[in-house]
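A.B. asks: This is the structure alone, sequence omitted:
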Ligand code: HEM
């Protein structure tokens with residue numbers, strides 16, 4: 001049985017969202033290598049087959065128990081199941097599920113019962129008190145989903161995304177200082193350099209698609225441009241690596257870059273293996289798991305294994321090279337390295353033993369930073385440009401604020417621009433890149449509610465008893481002001497939205513875009529800086545308007561713009577006249 005705590009979707013003044021991989025996933029092994037001798041082959045194959053049969057039997061047994069015995073969550077109202085096998089999951093997790101999520105919010109109360117796989121029951125939660133309990137107050141009772149933990153562990157190794165409890169707290173404690181305001185100040189020059197280079201080369205025709213000078217308005221695919229920007233931001237400021245020289249008319253062909261681009265699509269294709277990831281991650285050493293995988297006749301799986309191996313070897317080399325620089329006492333080189341991984345290595349060299357990362361942990365963090373920070377940033381950048389194109393009045397006002405400043409601002413000057421801050425807050429509030437997240441319940445517990453709900457039997461409930469094992473609490477948006485569904489940056493003043501009566505537990509602006517509590521996003525200030533740099537550079541030179549009303553946002557994790565199911569953001573770009 002599952003507790004689905006929906007992350008906040010769109011709208012309303014407070015939203016939550018979920019981690020990208022919660023329901024995508026899949027698979028595979030950790031990056032180390034191995035081989036298995038031929039004589040064991042048949043025997044191992046049988047073990048795998050029996051293991052798989054056992055697992056299937058276990059799943060069906062649980063499903064039957066649920067069907068016969070019911071659930072104490074049965075009394076919670078929710079939409080009827082649409083399929084015996086997958087319940088409501090197809091509609092909940094589909095790329096075009098916006099309307100379904102809206103219906104859940106409009107037709108039901110703060111907690112909704114959702115039907116999961118084979119009769120599994122999950123709760124979709126958007127009540128503020130329940131979210132506070134899940135994410136902050138009782139967070140130890142609501143752990144990250146086991147599938148997410150296993151998957152990130154298999155893909156990247158032991159790092160902040162794949163650990164729980166004290167181990168996870170240790171990872172966070174060591175990593176958080178790298179994102180301090182002092183360190184963000186040190187990263188700003190690199191962010192400006194990437195933005196100027198990227199958009200300068202775009203103008204000069206060195207990166208595709210380019211903007212012909214003086215040729216009048218041109219339609220460009222901003223998605224490809226902004227994706228490259230996000231990747232280079234995280235490369236340079238996150239791990240100290242340049243993915244994209246931005247110097248030729250060609251897309252980058254670097255193997256590492258290609259691997260990163262192919263990672264999410266490969267994971268999505270293998271989503272069918274999702275339920276066996278936790279089991280697979282526990283069986284034997286990595287070499288044995290690799291062997292098991294080699295028995296599965298799937299081309300995509302092979303590709304994924306290759307991607308993981310490339311990412312791992314590149315991250316290993318990066319950490320090794322930086323370590324050597326430190327050991328050889330190249331003080332100047334390290335002094336000038338302000339990327340997150342270099343900062344972690346520098347603090348490692350003076351930290352107490354228990355506050356140091358081992359090299360394999362640093363390798364894992366390197367891949368995790370890229371994974372957590374690239375597509376999310378790209379989604380936010382694309383959304384802001386799209387929103388500005390749709391709201392020319394907001395764009396004009398923002399440009400006027402930017403034009404009154406110098407071309408290159410200090411960190412403090414940039415974060416002090418009020419309308420720039422308001423536009424970013426309002427976009428992230430209304431359109432969180434990640435729209436839902438999942439938590440698993442680790443013990444029987446009571447979920448408090450700020451608004452009582454009426455059960456199917458007519459009884460009023462001001463709290464819900466949630467059984468251990470309930471999986472995937474997902475959180476969706478919560479209610480807010482009356483005009484909460486409108487895009488209105490004017491509502492923000494000094495980081496506060498007017499008219500807000502409901503307090504949310506999020507780390508940023510009373511919204512749940514970056515969640516709250518012990519697993520909240522540690523990169524949320526970093527991403528704001530990225531967005532501010534891009535807008536301050538782009539709006540000074542270019543004007544944006546909508547090129548097509550066929551743009552549809554897909555509710556992935558994170559959301560992405562598309563036209564005819566292809567990732568695209570066609571926007572008409574024109575030079576700002578002097
Ligand atoms: C608009 C951009 C971003 C959004 C919307 C976003 C959102 C989120 C959310 C919702 C979570 C919680 C996931 C969960 O609990 O399952 C999260 C976690 C995390 N984010 Fe972000 N993120 C963004 C950018 C970044 C960036 C740029 C970085 C790094 C440079 C980053 C690093 C992380 C890390 C390391 C975690 C895991 C924290 C933990 O488990 O303790 N994020 N993010």
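C.D. replies: Thanks, I have it. Quantities reported herein were computed from a predicted structural model and do not represent experimental measurements.
A.B. asks: Kindly report the residues of the stretch 151-300 of the chain close to the ligand.
C.D. replies: Proximity of the stretch 151-300 of the chain to the ligand, by C-beta under 6 Å from any ligand atom, involves residues 160, 161, 172, 238. No exception for glycine: its C-beta is placed from N, CA and C like everyone else's.
A.B. asks: Who are the contact partners of the second one?
C.D. replies: Taking C-beta atoms under 8 Å, 6 or more residues apart in numbering as the contact definition, residue 161 lies against 148, 149, 152, 368, 371, 372.
A.B. asks: Is it in a helix, a strand, or coil?
C.D. replies: For residue 161, the assignment made with DSSP: H, G, I helix; E, B strand; the rest coil gives coil.
A.B. asks: I'd like to know how far it sits from residue 259.
C.D. replies: From residue 161 across to residue 259, the span is 18 Å (C-beta to C-beta, to the nearest Å).
A.B. asks: same deal with the last one?
C.D. replies: When C-beta to C-beta is the yardstick, residue 238 and residue 259 sit 16 Å from each other.
A.B. asks: Ok, residue 137 next?
C.D. replies: From residue 137 across to residue 259, the span is 40 Å (C-beta to C-beta).
A.B. asks: now residue 309
C.D. replies: For residue 309 relative to residue 259 (C-beta to C-beta), the value is 9 Å.
A.B. asks: can you check residue 198 too?
C.D. replies: With distances taken as C-beta to C-beta, residue 198 is found 21 Å from residue 259.
A.B. asks: of the two, who's got more company?
C.D. replies: Higher neighbour count among residue 198 and residue 259: residue 198, with 23 against 20, using other C-beta atoms under 10 Å.
A.B. asks: for residue 445, phi and psi?
C.D. replies: The phi/psi pair for residue 445 (degrees, to the nearest 10) reads phi -150, psi 170.
A.B. asks: Count the neighbours of it for me.
C.D. replies: By other C-beta under 10 Å, 20 other residues sit near residue 445.
A.B. asks: what do you get for residue 192?
C.D. replies: Neighbour number of residue 192 under other C-beta under 10 Å is 17.
A.B. asks: and if you look at residue 460?
C.D. replies: Neighbour tally, residue 460, other C-beta under 10 Å: 8.
A.B. asks: In this structure it contacts residue 453, no?
C.D. replies: Yes: Residue 460 lies in contact with residue 453 (C-beta atoms under 8 Å); the separation is 7.5 Å.
A.B. asks: Residue in the chain with the shortest distance to the ligand?
C.D. replies: residue 523 (2.3 Å; C-beta to the nearest ligand atom).
A.B. asks: residues in contact with that residue?
C.D. replies: Taking C-beta under 8 Å, 6+ apart, we find residue 523 in contact with 179, 369, 372, 373.
A.B. asks: try 10 Å
C.D. replies: 175, 178-179, 234, 238, 340, 369, 372-373, 376-377, 514, 529-530 (C-beta atoms under 10 Å, 6 or more residues apart in numbering).
A.B. asks: ditto for residue 390
C.D. replies: Applying C-beta under 10 Å, 6+ apart, we find residue 390 in contact with 487, 544, 545, 546, 549, 551.
A.B. asks: Swap in 8 Å and give it another go.
C.D. replies: Residue 390 neighbours (C-beta under 8 Å, 6+ apart): residue 546.
A.B. asks: Check residue 269 too.
C.D. replies: residue 300.
A.B. asks: For the lengthiest helix in the chain, what is the distance to the chain centroid?
C.D. replies: Ranked by number of residues, the top helix in the chain under DSSP state H is helix 359-390. Centroid separation for helix 359-390 versus its chain: 7 Å, with C-alpha atoms, centre = their mean, to the nearest Å.
A.B. asks: Okay, buried residues for the host helix or strand of residue 173 please.
C.D. replies: Following DSSP states H and E, one finds residue 173 within helix 165-175. The neighbour-count check on helix 165-175 (16 or more other C-beta atoms under 10 Å) flags 168, 170, 171, 174, 175 as buried.
A.B. asks: What are the contacting residues of that helix?
C.D. replies: By C-beta under 8 Å, 6+ apart, the residues outside helix 165-175 that reach it are 140, 159-160, 163, 340, 344, 347, 351, 354-357, 361, 365, 518-519, 522.
A.B. asks: now, which of those lie within helices?
C.D. replies: 340, 344, 347, 361, 365.
A.B. asks: The first one against residue 236, yeah?
C.D. replies: This means residue 340. No: with contact defined as C-beta under 8 Å, residue 340 does not count as touching residue 236 (10.6 Å).
A.B. asks: of the two, who's got more company?
C.D. replies: The neighbour comparison of residue 340 against residue 236 (other C-beta under 10 Å) goes to residue 340, with 24 against 20.
A.B. asks: residues touching that one, list them.
C.D. replies: By C-beta under 8 Å, 6+ apart, the contact set of residue 340 is 175, 178, 179, 237, 238, 239, 369.
A.B. asks: Find the nearest non-adjacent residue to it, please.
C.D. replies: Closest residue in space to residue 340, ignoring its immediate chain neighbours: residue 178 at 4.6 Å, by C-beta to C-beta, 6 or more residues apart in numbering.
A.B. asks: Please report phi then psi for that neighbour.
C.D. replies: phi -60, psi -20.
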